[in-house]
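A.B. asks: here is my input; please provide its structure:
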Amino acid sequence: MLLGGTVAGDWSSAAEWERILVRTGFRAITAPFSCRTDPEEVKAYLEAAERNGVKIAEIGVWKNTLSSDPGTEREAMEYAKGQLALADRVGIPCCVNITGTSGSAGWDAADPSNYTEETYERIIRMIREIIDAVNPERAFYCIEPMPWMVPDGPDEYLQLMRDVDRKQFGVHMDFVNMISSPRRYLAAEQFIEECFRKLGPYIKSTHLKDSRMNPTKLTACLEECSPGEGGLDFERVLPILDRYLPADAPVLLEHMQTEEEYRRAYDYTAGKARAAGISV
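C.D. replies: Numbers count the residues shown, from 1 in each chain. Just a heads-up that it's a prediction; the model follows:
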């Protein structure tokens, strides 16, 4: 696997960013640019990544394409199309977003409307519109699973793929986001195996983090955390990824704020991989 994450820190140029990138040791990263970045600047980042043998694995949208506000929805849809077009043009395999919500609590909120039939039909139309407008040949539009919106499990993701019915609709794997119940947490290895067994052929990028639950409090509360700070056994989890993913598949650490936090997570994960006989 190509282990990496997001380059964290402050920089004002691709050259400064490259110096931080080299320190990380990452082999795969999220894109440090967008479709709104100057094309010459995009080119500089691409050249820096190539020069250091680093794969830009995914580019994010992270906007609410299901917003109940027409202006917000329109802007999000145009941005998603722009990101997918850029990914296809420069060879980034995964353009990723969440489905979003039509509720008023926030773009990624747990809302009753997330699971209505009307919302599901909107999700299908939204994904089709983005892919059909761009007609990508190399990049895939992907949805990151979430605990409280579609898709929230491997079977739901497979059904969404069947319903969208577009060749360039792929899978973004985040199994921790789908560990959304005590049952899945307590049988995490079996659940993670199920995720990769069912979705493996369609995965374009994978997020890697840990999960923890306090078993002494009712009701259950699950939260994500950095690798090594939760209950997942990475010496058993990483071989699952290794079995189902190609050797050059990107696996990205996420949601840490500083270069130091990413370094600790990277070192921990790489150490567990080595202990399991896996090359990173």
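A.B. asks: just checking, what packs against the longest helix seen in the chain?
C.D. replies: Ranked by number of residues, the top helix in the chain under DSSP state H is helix 70-90. Judged by 3 or more CB pairs under 8 Å, 6 or more residues apart in numbering; DSSP states H and E, the packing partners of helix 70-90 are helix 39-51, strand 55-60, strand 94-97, helix 117-134. Heads up, the C-betas are built off the backbone N, CA and C, glycines and all.
A.B. asks: buried residues in it?
C.D. replies: For helix 70-90, burial by neighbour count (16 or more other CB atoms under 10 Å) applies to 72-73, 76-77, 79-90.
A.B. asks: try stretch 1-17
C.D. replies: Neighbour count says stretch 1-17 has 1-7, 9, 14, 17 buried, by 16+ other CB under 10 Å.
A.B. asks: from the chain's centroid, how far away is stretch 194-201?
C.D. replies: 15 Å (CA atoms, centre = their mean, to the nearest Å).
A.B. asks: neighbouring contacts of it?
C.D. replies: Applying CB atoms under 8 Å, 6 or more residues apart in numbering, the contact partners of stretch 194-201 are 154-155, 157-158, 171, 173, 175, 178, 203, 240-241, 243-245.
A.B. asks: in three-state terms, label Cys142 for me.
C.D. replies: Per DSSP: H, G, I helix; E, B strand; the rest coil, the local secondary structure of Cys142 is strand.
A.B. asks: run a quick neighbour tally on it.
C.D. replies: A count of neighbours around Cys142, defined by other CB atoms under 10 Å, yields 25.
A.B. asks: do I have it right that it meets Cys94?
C.D. replies: Yes - Cys142 is within contact range of Cys94, at 5.2 Å (criterion: CB atoms under 8 Å).
A.B. asks: which neighbours do the two have in common?
C.D. replies: Both Cys142 and Cys94 are contacted by 58, 170, 172, 204-205, under the criterion CB under 8 Å, 6+ apart.
A.B. asks: these in strands, which ones?
C.D. replies: If you go by DSSP state E, the shared contacts of Cys142 and Cys94 have 58, 170, 172, 204-205 in strands.
A.B. asks: check the shared contacts of Cys142 and Cys94 and tell me the two furthest apart.
C.D. replies: Farthest-apart pair in the shared contacts of Cys142 and Cys94 is Glu58 and Gly170; separation 10.5 Å (CB to CB).
A.B. asks: contact partners for Phe26?
C.D. replies: Applying CB under 8 Å, 6+ apart, the residues contacting Phe26 are 3-5, 7, 54, 266.
A.B. asks: repeat for Val280
C.D. replies: Contact analysis of Val280 by CB under 8 Å, 6+ apart lists 1-3, 27, 269-270, 273-274.
A.B. asks: now render the residues you listed as CSV, adding pLDDT and secondary structure.
C.D. replies: Converted to CSV, the contacts of Val280 look like this (pLDDT from 0 to 100; DSSP: H, G, I helix; E, B strand; the rest coil):
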residue, pLDDT, secondary structure
Met1, 94, coil
Leu2, 97, strand
Leu3, 98, strand
Arg27, 97, coil
Thr269, 97, helix
Ala270, 97, helix
Ala273, 96, helix
Arg274, 95, helix
